[in-house]
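Novice: Task: produce atomic coordinates for the following.
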Amino acid sequence: MKGDVVALGRTAEVLDWGDGRVLKLFYAWCPLAWADREARAARVIDGLGLPAPALLDEVAVEGRRCLVYERVDGPNLLDALFADLSQAPTLIGQLGALHAEVHQRHAPGLDAIRDALRWSIERAETTPAIRDAALARLAGLPDGDCLLHFDFHPQQVLVTARGPIILDWMTAARGHPLADVARTTMLFRVSAKPGGSAAEMAVIDAQRATLLRRYLAAYLAARPDLDREALDQWLLPVAVARLEEGIAGERGPLLSVIEEQL
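Specialist: This is a model prediction of the structure:
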């Protein structure tokens, strides 16, 4: 094994791999299918002209599946916000516009987000009534073949000299763009900063509503054909599906979102 740790995530660590490359090393507990899915998505993304690190190779290291990417350096957008909150309107505006740009691409070869949501809702730790309501709502929502990132939030975007770069396409899928916007909306409302201090979390909590409004305003300005009322219809199935992930500290806020939507 070589290379310093560049970043640590929930499913993998990222190591410097020399020559302008990084190695994404999935943790031993991760199913091989997750790496396969990300590699397939990365190959699709490479052909769509989006600002994302190029997938350079697929290798095995110590018996673990790894992906080799182009190295891209810069703070993530959340850290850039903490460094200078006066830049929030600009940075969050870029986030919304960038998400709209993702949805201008089509990815018919990727898995349908409807299937992923249904799978997660059926396995979520919740009541039968909530599960049935989420599945019924999902069944009535529209399909699509737009490219979806489905984990799009400020920590997934690097602020670099060449502009914003979108990371981590493991959850990429195809579907209606508002499914993806609902996921980001929900993340703005419930997510914590991994490893964040009490002071950092206080700042996040104080800014959540404002940052979410700015993100949505920027997104909807770029996609005026979509509307907020239609977006709200996706929040119930997306929030119930998120319960299945079992993220520490999120259950209470997620249940609040779910209660609002029932």
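
Novice: what residues does the helix ranked longest in the chain touch?
Specialist: As assigned by DSSP state H, the longest helix anywhere in the chain is helix 198-222. Helix 198-222 is touched from outside by 81-82, 85, 88-89, 92-97, 99-101, 181, 184-185, 188-189, 192-193, 196, 226-228, 231, with contacts defined as CB atoms under 8 Å, 6 or more residues apart in numbering. All C-beta spots, glycine's among them, are computed from the backbone N, C-alpha and C.

Novice: Would you map out the domains in this structure?
Specialist: 5-70, 77-261 (automatic domain parsing).

Novice: would JSON lines of those with mean pLDDT be doable?
Specialist: Converted to JSON lines, those look like this (pLDDT from 0 to 100):
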{"stretch": "domain 5-70", "mean pLDDT": "89"}
{"stretch": "domain 77-261", "mean pLDDT": "92"}
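
Novice: Burial-wise, tell me which of those domains comes out on top.
Specialist: A comparison of these by mean neighbour count, using mean count of other CB atoms under 10 Å, puts domain 77-261 on top with a mean of 18.

Novice: and it, how far out from the chain's middle?
Specialist: Chain-centre distance of domain 77-261: 6 Å, with CA atoms, centre = their mean, to the nearest Å.

Novice: Which residue is the nearest non-sequential neighbour of residue 13?
Specialist: residue 25 (5.3 Å; CB to CB, 6 or more residues apart in numbering).

Novice: Could you give the backbone dihedrals for the one you found?
Specialist: phi -110, psi 110 (degrees, to the nearest 10).

Novice: Enumerate every residue touching it.
Specialist: 12, 13, 14, 15, 61, 64, 66.

Novice: now swap in residue 75 and tell me
Specialist: 83, 158, 159.

Novice: Would you map the strands across the stretch 51-200 of the chain?
Specialist: Assigned by DSSP state E, counting those that start in this stretch, the stretch 51-200 of the chain shows strands spanning 55-61, 64-70, 146-148, 157-160, 163-166, 173-175.

Novice: could I get these as CSV with distance to residue 137?
Specialist: Formatted as CSV, the strands of the stretch 51-200 of the chain follow (distance: least, CB to CB, whole Å):
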stretch, distance to residue 137
strand 55-61, 35
strand 64-70, 35
strand 146-148, 18
strand 157-160, 29
strand 163-166, 28
strand 173-175, 15
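
Novice: which one of these lies closest to residue 110?
Specialist: strand 173-175 (4.5 Å; CB to CB).

Novice: Show residues contacting that closest one.
Specialist: 106-114, 116, 143-148, 150.

Novice: Recalculate using a threshold of 10 Å.
Specialist: 37, 41, 44, 105-117, 141-150, 179-180, 234 (CB atoms under 10 Å, 6 or more residues apart in numbering).

Novice: repeat for stretch 86-93
Specialist: Stretch 86-93 is contacted from outside by 77-78, 80-81, 84-85, 94, 154, 157, 159, 164, 188, 207, 210-219, 221-222, using CB under 10 Å, 6+ apart.

Novice: If we use 6 Å, what do you get?
Specialist: 77, 80, 81, 211, 214, 215, 218 (CB atoms under 6 Å, 6 or more residues apart in numbering).
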